[in-house]
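Colleague: What follows is a predicted structure for the sequence shown.
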Amino acid sequence: MEEMEELLRRLKEDRPVAWEEFPDLALYMDQVISYMPRQLIQFQEGEGLTSAMVNNYIKDGLLPRAEGKRYRASHLAYLTAICAMKRVLTVREVKTLLSACDPEGKPDSFYSRFCQALDEALDNTARTVEQPREDEDLAGLALTLALRSYADQLACTRLLDILGQQGQPQQDKPEKAKK
C-alpha cells in the first residue's frame with residue numbers, strides 16, 4: 001500500500017534540522033511561517049503555524065519576544081517544540097514542560113534534547129507501523145496508536161501536574177488538634 005509506505009518513510013526519515021542548520025540570519029514573521037512546515041511531519045493543509053499563533057505564544061510566555069521584528073534560531077527551536085506538543089497538550093501544559101526542560105533558558109541544549117526525544121518517539125512509532133499487517137487491520141493499528149497516545153498523554157499530564165506541584169512552595173501542614 002503506497003500510503004503506508006510513505007507514512008513509514010516519513011516516520012523514519014523526516015526530522016527537524018539540527019541547531020547548527022538553522023538559518024544564521026534573523027527572519028521576519030512571514031519567513032518564519034514559511035520555514036516552519038519543513039520542521040515537522042504534516043500530511044494535511046491547514047496544520048501550519050500562523051502569525052497570530054506566534055503572537056499568542058509570545059503573550060502566553062512560551063516564546064521570547066522577537067528582536068526588532070526578527071526571529072532567531074532560538075525562536076525556531078521553541079516553535080518547533082511548541083508545534084509538536086500542542087497537538088497533545090494544552091498551552092499551559094506546553095509552557096510547564098518547556099520551563100521544566102529548559103530551566104536555564106538555553107535553547108540550543110533544550111532543542112538537542114527535544115530532537116533526541118522526538119527521534120526516539122518517531123522511531124518507536126515507525127516500528128509499530130512497519131510490523132507486518134493485513135490491509136484490513138489498519139483500523140486495529142489506528143486503535144492501538146490512538147490508545148497508546150491516550151495512555152502517553154495521561155501519564156504526561158500527570159507528570160506535568162507533579163512538576164507544577166514541585167515548583168510551588170510547600171505549605172505548612174496544620175497541626176492536628178489536640179483532644
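Modeller: Now that the structure is in, tell me what you want to look at. Numbers count the residues shown, from 1 in each chain.

Colleague: count of residues packed around the closest residue to Arg65 other than its chain neighbours?
Modeller: Nearest residue to Arg65, sequence neighbours excluded (Cβ to Cβ, 6 or more residues apart in numbering): Ile58, at 5.7 Å. For every residue, glycine as well, the C-beta is placed using N, CA and C. Other residues within reach of Ile58, judged by other Cβ atoms under 10 Å, total 14.

Colleague: Would you mind measuring from Ile58 to Arg148?
Modeller: 33 Å (Cβ to Cβ, to the nearest Å).

Colleague: now Gln165
Modeller: In terms of Cβ to Cβ, Gln165 sits 26 Å off from Arg148.

Colleague: what do you get for Asn56?
Modeller: 29 Å.

Colleague: Ok, Leu98 next?
Modeller: 23 Å.

Colleague: And Cys156, by the same measure?
Modeller: Taken as Cβ to Cβ, the span from Cys156 to Arg148 is 12 Å.

Colleague: Nearest residue to Ala100 in space, ignoring adjacent ones along the chain?
Modeller: Leu163 is the one closest to Ala100 (Cβ to Cβ, 6+ apart), at 5.0 Å.

Colleague: Return the residues in contact with the one you found.
Modeller: Thr96, Leu97, Ala100 (Cβ atoms under 8 Å, 6 or more residues apart in numbering).

Colleague: which non-adjacent residue is nearest the second one?
Modeller: What sits nearest to Leu97 in space, not counting adjacent residues and going by Cβ to Cβ, 6+ apart, is Leu160, at 6.1 Å.

Colleague: tell me the contacts of Met4?
Modeller: Listed by Cβ under 8 Å, 6+ apart, the contact partners of Met4 are Val129, Leu138.

Colleague: Could you check the pLDDT of it?
Modeller: The model reports Met4 with a pLDDT of 87.

Colleague: in what helix or strand does it lie?
Modeller: Met4 is part of helix 2-13, with elements assigned from DSSP states H and E.
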